[in-house]
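1. Pasting the sequence and the predicted coordinates here, then a few questions.
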Amino acid sequence: MKRKVGALEKVDADLTNLQYKARRDPPSYEEDFRRQYSQYEALRDLLLTNPSSSADTGVVRFTELVDFIAHLAESYPNITAKFPDDLIHILSYHAELESDLRDKIVSALVLLRNNHVIDSSTLLNTLIPILVVTPSKSLRALLFQKIVSDLRSANSKATQHRLNRTIQTVLFNLLTSDRETTKGLWSVKITREMWKRQIWTDAKAVDIMKEACLSDNEKVITGGVRFFLGGDREREEAADESSDEEGVDLNKLRHQAGINKKGKKERELKRAAATVKRKERKKNAPHPLNFSALHLLHDPQGFAETLFSRHVQNSKSKLSLNAKLAILNLVSRLVGLHKLTVMSLYSYLLKYLTPRQASVTSFLAILAQATHDLVPPDVLEPLIQKIANEFVSEASASEVAAAGLNAIREICSRQPLAMNDVLLQDLVQYRKSKDKGVQMAARGLLSLYREVGAELLKKRDRGKDATISLRAGEMKERRYGEAAIGQIEGIDLLEKWKEEERRKKREAAGLPPDAAIDEEEHAADDWKNWEVGSDDDSDSSGGWIDVEQDGDDINISDSEDGKEPPPKKAKLSSETPGPTDDAEKENKEAEAKKISKLLTSTILTPADLKQLKALQESSAIRSQMPSSKRAALLAARHTDDAITAETIEAAGLLSKKTSKEEKIAMAKADRDDKHQSTTAKRKEKKMSEGKSTTNKEKARKKNFLMTLGKAKGKNKRSLVDVRKSLRGHVERQKKGGRRGNRG
């Protein structure tokens, strides 16, 4: 019995069939398309008279016609010239339209964009205003997904600067036009997604988020602040995820192609190999520097001051504590990264530095993050004193004391001059505490000042390296605002070695000591045959020691001829100034000029660099001057990385006792890892990678009933077949198995 086909099903089948035929041969079906388009126009006019009509047959038919015309608009551009404008006009009634029709119109516009009937700018300028005002949650999700997808596809092959600037201007104006409502939140979401996908990486995107931070709506402010605090980390995580997802296992495909020798498998293998090569080219291709959002800010000083005064310092601000903490975190990061001066920030933080304050470790981390070497020590000294008084005492809990000591150490690592000797000597005594967390925090503070300010410590606390450096005059007292002049470590040794080599060449050539040597020819040889030259000259790498001991061409003051220790020598020279002081000063200036000349006017060849490394190792320069190198690393630490509350609380966790349940859970987790055999681990790894088992394993696990036929067949073999099988087995054993493993 035949099923009766409904009228709607016939129409649907007819439209699908007509769409298929019209795409293959547009001129032949132009009249049919015109009839459908005229029907669409009639239904369109009817819909515009009452957009909120229910989902009756007319709306369903109109939805199908919109989809049909959208697919064929590329084939009939003259007939459908006004079709995109009609859809945009109908979509303006999005609040009254039926949801299926509304979604279909959005999909039709995206399809027209993909078929190049309309451009991305038209599509995005249509969807973004609707995204901002629509109350429908499902429509907002659809529009956001389509906007992000279109921007990604438009910038997939090459960056569309004009389109990006247009959309960025729209989003920026959306934020500035209405600062009190949540409309600007969509600007934040779109910009953050584009930044995460590394589509927008310029200063314009950062300006949009900067404007969001200065909004009056708490949600918009929080979104902008979180972008600056975590946008770069999200971008790195997204890049790692995409690289993991796009990975192609060539070995697995080769294995499949070897077993299943089909043309399809070979084509898949070729495509995979081409994909891997394309990714390698993309990875190795030069790309522009990917700056952090905090580095792309224009006028960070003004931004930090405005942000702090408008949202934190302002008494009329009604932001929650968490929002204010996020803003303070951003302000402190800006101050520490760009070395800004916001003096009111430190006086504001002073009242929150008590153990009873909620989220006090976050305030301590913010204070440490806002400290740098250009902050006046007298501004930080009251803060450190209050932390010491409130947190570090015998009556304080161990976690509180450890957090206070850790915070003081983080502050002083950025500005060592903020500490005075009396307070430091008092805090260092806590290294003898019975609590492990307090003990480790105090030791960290002690080791810090052994490197950056040993003169503030007592003699017995300075340590061997710091004491030697102080006596030799290598560790100088720090001064506020003093900047260290950087140079290549051991460059003076290379200069002395070069001078010794020139002297040897002059002697070998029979030239006078002041004769000139062709340095350019020697440098060219170093570039061409630097490996051979560096190996030949490596035996003479220690010759600079003889030059220093001879001292024929270096003027040394009379005070250095005696056997007095360096501190006394410096004291005598300062008390009795004379011509020797001037000579010593001139000698130091000449030496500095010589080194600076080598750095600024000479290109170091690979042979020079290799010789420099050998000289550094032979003179043990790294072991003789560890403090200066560690101090430089210490000063540059946390320049871009943030200090969190967990950093301040880390020392206190050492003294925290684990409960019985935690100990049992840790023991069970450790037992599961330790008692797993190598075979089990290998099998688990293989299964996680999606790889199959061996043929031997498959044969062992095969269903018994499926093996009966093979077993019966073996019993029915003739003697000739059995002899062939046994002979083949013996020959394979002689060769070492099927793979011929016997050598």
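-> Right, received. Where do you want to start? None of these values were measured; they are calculated from a predicted model.
2. So R61 is in contact with L43, correct?
-> Yes. The pair R61 / L43 is scored as a contact, 6.4 Å apart, by C-beta atoms under 8 Å. C-beta here means a position set from N, CA and C on the backbone, and glycine is covered the same way.
3. From R732, how far off is the spatially most distant residue from the centre of the chain?
-> What lies farthest from the middle of the chain is L719; by C-alpha atoms, centre = their mean that is 71.8 Å. For L719, the distance to R732 equals 20 Å [C-beta to C-beta, to the nearest Å].
4. Likewise for K613?
-> The gap separating K613 from R732 is 57 Å, by C-beta to C-beta.
5. Then K204?
-> Taking C-beta to C-beta, one finds K204 at 71 Å from R732.
6. Specify which residue of these two has the higher count of neighbours.
-> K204 (17 against 13; other C-beta atoms under 10 Å).
7. helix/strand/coil for the more buried one?
-> Of the three states, K204 takes helix under DSSP: H, G, I helix; E, B strand; the rest coil.
8. mind listing what it touches?
-> 164-165, 168, 172 (C-beta atoms under 8 Å, 6 or more residues apart in numbering).
9. Out of these, name the ones that lie in strands.
-> Nothing among these maps onto strands, per DSSP state E.
10. Give me the buried subset of those residues.
-> Among those, those that count as buried by neighbour count (16 or more other C-beta atoms under 10 Å) are 164, 168, 172.
11. Not counting its neighbours along the chain, what's nearest the second one?
-> Same thing as Q168. For Q168, ignoring the flanking residues on the chain, the nearest one in space by C-beta to C-beta, 6 or more residues apart in numbering is K204 at 4.8 Å.
12. Any regions of this structure where pLDDT drops low?
-> 1-13, 53-57, 231-262, 281-291, 484-490, 513-601, 616-641, 651-658, 670-676, 739-743 (pLDDT under 70).
13. Outline the domain layout of it.
-> Domain assignment of the chain by automatic domain parsing yields the ranges 1-118, 300-474+644-653, 529-584+597-624, 704-735.
14. Of those domains, which is nearest R192?
-> Checking the domains of the chain against R192 by C-beta to C-beta gives domain 300-474+644-653 as the closest, at 14.8 Å.
15. Tell me how far the closest one lies from the chain's centre.
-> Here domain 300-474+644-653 shows a centroid-to-chain-centroid distance of 26 Å under the convention C-alpha atoms, centre = their mean, to the nearest Å.
16. for stretch 147-160, same thing?
-> Centre-to-centre, stretch 147-160 and its host chain are 22 Å apart (C-alpha atoms, centre = their mean).
17. how much space is there between Q429 and T467?
-> For Q429, the distance to T467 - C-beta to C-beta - is 20 Å.
18. Comparing these two, which residue is more hemmed in?
-> Neighbours per residue (other C-beta under 10 Å) separate Q429 from T467, with T467 holding more: 16 against 11.
19. what packs against the helix or strand containing that one?
-> Assigned by DSSP states H and E, T467 belongs to helix 464-472. Packed against helix 464-472 by the contact rule (3 or more C-beta pairs under 8 Å, 6 or more residues apart in numbering; DSSP states H and E) you find helix 436-452, helix 566-575, helix 626-636.
20. Downstream of that helix, the next helix or strand is which one?
-> Tracing the chain past helix 464-472, the next element assigned as helix or strand by DSSP H and E is helix 491-509.
21. So which bits of that next one are buried?
-> Neighbour counts using 16+ other C-beta under 10 Å place 491-498, 500-502, 506 of helix 491-509 among the buried residues.
22. possible to save those as JSON lines with distance to I130?
-> Below are those laid out as JSON lines (distance: C-beta to C-beta, whole Å):
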{"residue": "I491", "distance to I130": "64"}
{"residue": "D492", "distance to I130": "69"}
{"residue": "L493", "distance to I130": "70"}
{"residue": "L494", "distance to I130": "68"}
{"residue": "E495", "distance to I130": "70"}
{"residue": "K496", "distance to I130": "74"}
{"residue": "W497", "distance to I130": "73"}
{"residue": "K498", "distance to I130": "72"}
{"residue": "E500", "distance to I130": "78"}
{"residue": "E501", "distance to I130": "76"}
{"residue": "R502", "distance to I130": "78"}
{"residue": "R506", "distance to I130": "84"}
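23. Tell me the one of the residues you listed nearest S725?
-> L494 (76.2 Å).
24. mind listing what the closest one touches?
-> 598, 604, 608, 611-612, 615.
25. now that we have those, which one has the most neighbours?
-> Q611 (25 neighbours).
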